[in-house]
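1. structure for the following, please:
(chains A and B, ligands or ions: 1)
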Amino acid sequence: MEEFRRRQASPEAYSASKLAIEAEEGELFERLLQQDLRAFETLYDRYSSLVYSTALRIVSDPSTAEDVMQEVFLRLWRRPENYVPQRGRFVIWILSVTRNRAIDELRTRGRRLKRETLPSWNVEDSLSAVSSDDPAGDVQLNDERRIIIRALAKLPPEQRQPIELAYFRGLTQQEIANLLHQPLGTVKTRIRLGMQKLKPLLKDEEEE
Amino acid sequence: MGCEEVREALDAYALGALTPEEARAVEEHVAGCSDCRKLLDEANHVASLLPFGVPLWNPNPQVRQRILSSAEHWAEARQATLRSRLAKAALPIAASLLLAFAIGSLIWSYSLQSRVNDLDDDVGGVQRQVQFVGSRQAEISTSLVSMDQQFEDYNSLLGEQSTIFTTLTAPDVRTVQLWSKNQDVKAKGAYFYSPQNGTGGLTCTNLPSLAEGKVYHLWFFHEGKAYSGGSFYSWNGVGLHGVDLAQQGLHGPFSGYGVSIEDKGATVLWPTSELVLYAENSR
Ligand SMILES: [Zn+2]
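-> Sure, this is the predicted structure:
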């Protein structure tokens, strides 16, 4: 009740659509536990682009990214109980599973890909939406993507780059320093500055 | 590592950019420091949102087809394995649990009957017995609930067992012993019921075996009329049958109880064979 009032009091922070999606996702997940193929299909249609794009960003190869995605979704289907709703949102969970799986893939395929610098991308380009058959879930995800892309766009490139190399290449701070020919201390500082800058930008929009 | 050192490393930790040794030091520290743990949660949250910022691509539609049909095949294969495993395991499990349950209730019913006069002194013991029966019930429920359509019979039995359990745990449960009228038949039974719940149950042992197409039938008698209490089967002569009296519009008190053998599925208004078990209610 208390939570409900708090939410009502700040309509900007908690849009009605977001609450509706969360409730609907709880129900979808219940059905997934009952091995309902339609629920699996809906979750696939809603998140496959994000999962695939995350994997692709990490492994830089479409067919490897597809393999990673297939493994992530089939593992979800076989062991839906691995996701524990109490620990956080489904989309956050499946993306972190994807990230870890893709980084593993990168490591088992040798260091070759890791040695390459991330292909740079214009963050504003990321805003171009991808249509899907699930408009309700799509609006919600697009809102969130917009917020995060804007926050990332506000970072100076020298802070964003080491953060991305760490998260999407699985590099340690020392490896990043070597790759960028920068002192280790500089890399550490830039990672921290960048992360501290992102924190308030994302906190306003994301509930804790 | 102290708090300050750890806080400098938290963001890198959340991004997975620490060496294993550094990461372990952070984990050891936050395990015992709630302030740093809170900061780590925040850093993890920021890191977890980074995938939302990647350029969005649509996967090949053929992959969708591949994944969905893999999922479907896997589910079918799993169902088939499950079904054959259940078919092998379920029947003996259900039968042995039922047996344990039936015998447990029977012993309990008899002991209740024999101590009916000093029941108050024995409430603790009775409650322990009921808890034991309850724990068996949970096992039966778990194994029965997981069975699918083909075990519908067992599921209806489960419903009856719930009725029996409800009856056994009711504060006003009463018991009547049933005996065979025929000296040659060793069958015994206990009928227990709760006027308050409107439920009743019957446990029997040494029931004569049933011919093909036959069932046992429970009867209630009152003022020259017979009322059907439903039919049931037995395992090795042990029968267990629950009756939701209120739901079936059966309102006691009854002056007598009986069990006869009838044709399966037949609508009978009066026992068509000699009663294998019978009791008169003295109350
Ligand atoms: Zn600390």
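
2. which residues of the chain score low on pLDDT?
-> Since no chain was named, I'll use chain A. A:1-18, A:110-140, A:204-208 (pLDDT under 70).

3. sorry, I should have been clearer: chain B.
-> In chain B, residues with pLDDT under 70: B:82-159, B:161, B:282-283.

4. which parts of it are helices?
-> B:3-14, B:20-32, B:34-49, B:61-114, B:123-145, B:152-169 (DSSP state H).

5. check chain A too.
-> A:2-9, A:16-33, A:37-59, A:62-78, A:90-108, A:112-115, A:135-153, A:157-169, A:173-180, A:184-203.

6. the residue of chain A found nearest the ion: what's it in contact with?
-> Among all residues of chain A, A:Arg192 sits closest to the ion, at 16.1 Å; criterion: Cβ to the ion. Every C-beta, even on glycine, is put in place using the N, C-alpha and C of the backbone. By Cβ atoms under 8 Å, 6 or more residues apart in numbering or on different chains, the contact set of A:Arg192 is B:Glu8, B:Asp11, B:Ala12.

7. roughly how far does it sit from A:Thr42?
-> 40 Å (Cβ to Cβ, to the nearest Å).

8. residue 162: neighbour count?
-> Using chain A. If you count neighbours by other Cβ atoms under 10 Å in any protein chain shown, A:Pro162 ends up with 28.

9. ah, I was thinking of chain B
-> 16.

10. isn't it up against B:Asp244?
-> No - using Cβ atoms under 8 Å, B:Ser162 is not in contact with B:Asp244; the gap is 9.3 Å.

11. how about the residue lying closest to A:Tyr44 once chain neighbours are set aside, what does it touch?
-> Distances taken as Cβ to Cβ, 6 or more residues apart in numbering or on different chains place A:Phe73 nearest to A:Tyr44, at 6.0 Å, with adjacent residues excluded. With contact taken as Cβ under 8 Å, 6+ apart, A:Phe73 is in contact with A:Phe40, A:Tyr44, A:Ser48, A:Val51, B:Ile67, B:Ala71.

12. give me the spatial nearest neighbour of the most centrally placed residue in chain A, chain neighbours excluded.
-> For chain A, the residue sitting closest to the mean C-alpha position, by Cα atoms, centre = their mean, is A:Leu95 at 4.7 Å. Nearest residue to A:Leu95 in three dimensions, chain neighbours excluded: B:Pro51, at 4.3 Å (Cβ to Cβ, 6+ apart).

13. coming back round to it: of all the contacts of A:Arg192, which comes closest to chain A?
-> B:Asp11 (3.8 Å; Cβ to the nearest Cβ).

14. what sits against the closest one?
-> A:Ile191, A:Arg192, A:Met195, A:Gln196, B:Ala43, B:Val46.

15. tell me the buried residues within the residues you listed.
-> A:Ile191, A:Arg192, A:Met195, B:Ala43, B:Val46 (16 or more other Cβ atoms under 10 Å in any protein chain shown).

16. distance of the nearest residue to the third one once chain neighbours are set aside relative to the ion?
-> Once its chain neighbours are removed from consideration, A:Met195 has its nearest residue in B:Asp11; the separation is 3.8 Å (Cβ to Cβ, 6+ apart). Counting by Cβ to the ion, to the nearest Å, the gap from B:Asp11 to the ion is 15 Å.

17. I'd like to know how far B:Asp11 sits from A:Arg192.
-> From B:Asp11 to A:Arg192 the distance is 5 Å (Cβ to Cβ).

18. list the residues that contact A:Ile103.
-> Per Cβ under 8 Å, 6+ apart, neighbours of A:Ile103: A:Ile58, A:Gly170, B:Gly16.

19. what do you get for A:Leu184?
-> A:Gln173, A:Gln174, A:Ala177 are the contacts of A:Leu184 under Cβ under 8 Å, 6+ apart.

20. the first one: neighbour count?
-> This points to A:Gln173. For A:Gln173, using other Cβ under 10 Å, the count is 23.

21. check the second one too.
-> The burial count assigned to A:Gln174 is 15, neighbours taken as other Cβ under 10 Å.

22. which residues does it contact?
-> Counted by Cβ under 8 Å, 6+ apart, A:Gln174 has contacts A:Leu184, B:Thr19.

23. from B:Glu28, how far out is it?
-> Distance from A:Gln174 to B:Glu28, by Cβ to Cβ: 21 Å.

24. and the last one, by the same measure?
-> Spatial separation of A:Ala177 from B:Glu28 under the definition Cβ to Cβ is 25 Å.

25. quick check: closest non-adjacent residue to A:Glu71.
-> A:Arg101 (6.2 Å).

26. which residues touch the one you found?
-> A:Arg101 touches A:Ala55, A:Val68, A:Glu71, A:Val72, counting by Cβ under 8 Å, 6+ apart.

27. now with 10 Å?
-> A:Arg101 sits next to A:Val51, A:Thr54, A:Ala55, A:Ile58, A:Val59, A:Asp67, A:Val68, A:Met69, A:Glu71, A:Val72, A:Arg75 when contact means Cβ atoms under 10 Å, 6 or more residues apart in numbering or on different chains.

28. most neighbours, which of those residues?
-> Busiest of the contacts of A:Arg101 [other Cβ under 10 Å] is A:Ala55, holding 32 neighbours.

29. hmm, B:Lys214 is touching B:Val268, no?
-> No - taking Cβ atoms under 10 Å as the definition, B:Lys214 is not a contact partner of B:Val268, at 11.9 Å.

30. give me the common contacts of those two.
-> B:Ser231, B:Glu262.

31. rewinding a little: pipe the contacts of A:Phe73 into JSON lines and attach distance to the ion per row.
-> Output for those, formatted as JSON lines (distance: Cβ to the ion, whole Å):
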{"residue": "A:Phe40", "distance to the ion": "42"}
{"residue": "A:Tyr44", "distance to the ion": "41"}
{"residue": "A:Ser48", "distance to the ion": "40"}
{"residue": "A:Val51", "distance to the ion": "35"}
{"residue": "B:Ile67", "distance to the ion": "44"}
{"residue": "B:Ala71", "distance to the ion": "44"}
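
32. identify the farthest-apart pair in those residues.
-> The most widely separated members of the contacts of A:Phe73, counting by Cβ to Cβ, are A:Val51 and B:Ala71 (14.7 Å).

33. before we move on, back to that, which of A:Ala177 and B:Glu28 has more residues huddled nearby?
-> When A:Ala177 and B:Glu28 are compared for neighbours, A:Ala177 comes out ahead with 18 against 12, by other Cβ under 10 Å.

34. distance of the residue nearest to A:Met195 from B:Leu245?
-> Taken as Cβ to Cβ, the span from B:Asp11 to B:Leu245 is 68 Å.
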